[in-house]
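K.L.:
below is the sequence, then the predicted model.
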Amino acid sequence: MLLAICAIAQDEVVTKFKSLEEALEHPNDVIELTLKRERIREWPDAELRQFPNLKKLDLTSNKIDSLPSDLTYLQGLESLTLTNNRLDSLQSSIGDLKSLRVLNLGNNEIYHVTPRLGELTELRVLELWSNNIYYLPIELNNLKNLRDLDLRNIQLNDEHQDAIKAIFDEPGPSIKMSMSCNCN
């Protein structure tokens, strides 16, 4: 019996990777890929296209400043973390990620959010904290599964905060915001 258990343990498939090189050696096994603090300057498009089963991608603390124009190859992606990068806008290609449930974009330089974000109907968590946003597109009203929206540490006056809250039908998501500012 002990031999059978050992044999199963040796045959376990690794699905979580923290190295792009190792992940590329087993592209069909990659479910989770974490590439934090790797000084990545551009979205690793060619490499990511090789992971058909990728569900969770974490590119925290890199230097990525934009997304590619096509993300349809990541149809199964459920979680994307791009916290602490250099994104200044959220391109329309984000709408390609139809299975996305968690989107973490905190601590970037985002000032523009595409209306296509409203196409992510499976989205449950959206983190946009510490960005330069002052409005969100009305299309976010389509995010009926959204439970948490984090907009903390963004300078929004009362008018902007009220406009953002008005996007969502009651009961709507839990919206976290910092105190309103006396700004325009």
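P.N.:
Yep, that arrived. Residues are numbered from 1 along each chain as shown.

K.L.:
what residues are up against residue 176?
P.N.:
129, 148-152 (CB atoms under 8 Å, 6 or more residues apart in numbering). For every residue, glycine as well, the C-beta is placed using N, CA and C.

K.L.:
what about it, which helix or strand?
P.N.:
Using DSSP states H and E, residue 176 sits within strand 174-177.

K.L.:
flag every buried residue along that strand.
P.N.:
175, 177 (16 or more other CB atoms under 10 Å).

K.L.:
neighbours of residue 48, just the number please.
P.N.:
For residue 48, the count of nearby residues is 21 (other CB atoms under 10 Å).

K.L.:
hang on, it packs against residue 54?
P.N.:
Yes. Using CB atoms under 8 Å, residue 48 is in contact with residue 54, at 7.0 Å.

K.L.:
which neighbours do the two have in common?
P.N.:
33, 74.

K.L.:
so where do the helices sit in the protein?
P.N.:
2-10, 20-25, 45-48, 158-167 (DSSP state H).

K.L.:
can you give me the strands for the protein?
P.N.:
Along the chain, the segments classed as strands by DSSP state E run 16-17, 32-34, 56-58, 79-81, 89-90, 102-104, 112-113, 125-127, 148-151, 174-177.

K.L.:
next, format the ones you listed as TSV and append mean pLDDT.
P.N.:
Shown next, in TSV, are the strands of the chain (pLDDT from 0 to 100):
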stretch	mean pLDDT
strand 16-17	98
strand 32-34	98
strand 56-58	98
strand 79-81	98
strand 89-90	93
strand 102-104	98
strand 112-113	95
strand 125-127	98
strand 148-151	98
strand 174-177	96
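
K.L.:
what is the nearest of the contacts of residue 176 to residue 95?
P.N.:
Nearest to residue 95 out of the contacts of residue 176 is residue 149 (CB to CB; 17.4 Å).

K.L.:
that closest one touches residue 161, doesn't it?
P.N.:
No. Using CB under 8 Å, residue 149 makes no contact with residue 161, being 11.8 Å away.

K.L.:
what about the two, which has more around it?
P.N.:
Neighbours per residue, other CB under 10 Å: of residue 149 and residue 161, the larger number sits with residue 149, 24 against 19.

K.L.:
list the beta-bridge partners for the more buried one.
P.N.:
residue 126, residue 175 (DSSP bridges).

K.L.:
could you export the strands of the chain to a markdown table, including columns for distance to residue 135?
P.N.:
Shown next, in a markdown table, are those (distance: least, CB to CB, whole Å):
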| stretch | distance to residue 135 |
| --- | --- |
| strand 16-17 | 37 |
| strand 32-34 | 32 |
| strand 56-58 | 27 |
| strand 79-81 | 22 |
| strand 89-90 | 13 |
| strand 102-104 | 18 |
| strand 112-113 | 8 |
| strand 125-127 | 15 |
| strand 148-151 | 11 |
| strand 174-177 | 13 |
